[in-house]
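K.L.:
predicted model follows, preceded by the sequence.
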Amino acid sequence: MSVVNLFDEFPRLESDRLILREWTAADAPALGAIVRDPEIYRYLPTFLYEQSIPDAGEMIARARAECFDTKQSVLFGICLKSAPDTVIGIAEIYNYEPQKEKASVGYRLLPAFWGQGIASETTALLVKYLIERTDVRKITAHVMAENAASARVLEKNGFVLRWTGLREDWGRGAPVLINKFMYKLLPEHKNVFRI
């Protein structure tokens, strides 16, 4: 498979159970429900793209031009293969720095789907895509220090804790404590990057 720059194509990622795909106009009700759920955003920054535009339909209509085309982020709808037209969460690749071959990943998921391995499988799909198909070779994730569940998801997917107790402005009035994880390149990936 040839390597592409991150924003050369909008990917569709699949596992045995999940599909990560671009948003469509039909996703507005589901995305609206995600954005309005305060439990989902308890440990997340307040300035995520989907929170910037109150109307979900308008957000979807503008996302490609404002996020992907400007090389800011790749926003996916997370769907179960058994219900490919129903978005149950959002996955994201962001903070792309081509000169450093680096990007960050994140996700948010409806609470009804927590504890089922979906967050871990989503993270695995993002990592696999980035290291096997794109020019990215360093992957980071930022997690609020008190979010132990997301830390476990990252560790299960080969991320290691690199920095703890960093203070970042997440739009909450005062800096929050976050931990920064970095994906540890596996031996079988070394040939992909000709290290």
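P.N.:
Arrived safely.

K.L.:
C-alpha only now, for contacts and for neighbours.
P.N.:
OK.

K.L.:
and the strands in this structure?
P.N.:
Counting by DSSP state E, one finds strands in the chain at the ranges 13-14, 18-21, 73-80, 87-97, 102-109, 138-144, 159-168, 176-183.

K.L.:
and Tyr49, how many residues sit next to it?
P.N.:
Other residues within reach of Tyr49 by the criterion other C-alpha atoms under 10 Å amount to 13.

K.L.:
over to Val87?
P.N.:
The number of residues packed near Val87 is 27, by other C-alpha under 10 Å.

K.L.:
apart from its chain neighbours, what residue comes closest to it?
P.N.:
Leaving aside its sequence neighbours, Val87 sits nearest to Cys79 (C-alpha to C-alpha, 6 or more residues apart in numbering; 4.9 Å).

K.L.:
was I right to think Arg137 contacts Ile131?
P.N.:
Yes - proximity of Arg137 to Ile131 meets the contact threshold set by C-alpha atoms under 8 Å, at 5.8 Å.

K.L.:
how about low-confidence regions in the chain?
P.N.:
Segments of the chain classed as low confidence (criterion: pLDDT under 70) are 1, 186-195.

K.L.:
again, only this time at 90
P.N.:
Along the chain, the model assigns pLDDT under 90 to residues 1-5, 51-52, 135, 137, 173, 184-195.

K.L.:
top helix in it by residue count?
P.N.:
Assignment by DSSP state H gives helix 118-133 as the longest helix of the chain.

K.L.:
just checking, what packs against it?
P.N.:
With contacts defined as 3 or more C-alpha pairs under 8 Å, 6 or more residues apart in numbering; DSSP states H and E, the secondary structure elements packing on helix 118-133 are strand 13-14, strand 18-21, strand 102-109, helix 148-156.

K.L.:
what's the spacing between the third one and its chain's center?
P.N.:
Think strand 102-109. When distances are taken as C-alpha atoms, centre = their mean, to the nearest Å, strand 102-109 is centred 3 Å away from the chain's centroid.

K.L.:
can you check the last one too?
P.N.:
Mean-position distance between helix 148-156 and its chain equals 14 Å (C-alpha atoms, centre = their mean).

K.L.:
in that helix, what counts as buried?
P.N.:
By 16 or more other C-alpha atoms under 10 Å, the buried positions in helix 148-156 come out as Ser150, Ala151, Val153, Leu154, Glu155.

K.L.:
who's in contact with that helix?
P.N.:
If you take C-alpha atoms under 8 Å, 6 or more residues apart in numbering as the criterion, helix 148-156 is touched by Ala119, Ser120, Thr123, Ala141, Val143, Val160, Phe181.

K.L.:
do stretch 120-140 as well
P.N.:
By C-alpha under 8 Å, 6+ apart, the residues outside stretch 120-140 that reach it are 1-6, 13-15, 18, 20, 78, 91, 93, 98, 100-107, 153-154, 156-157, 180-183, 185, 189, 192-193.

K.L.:
much appreciated, bye for now.
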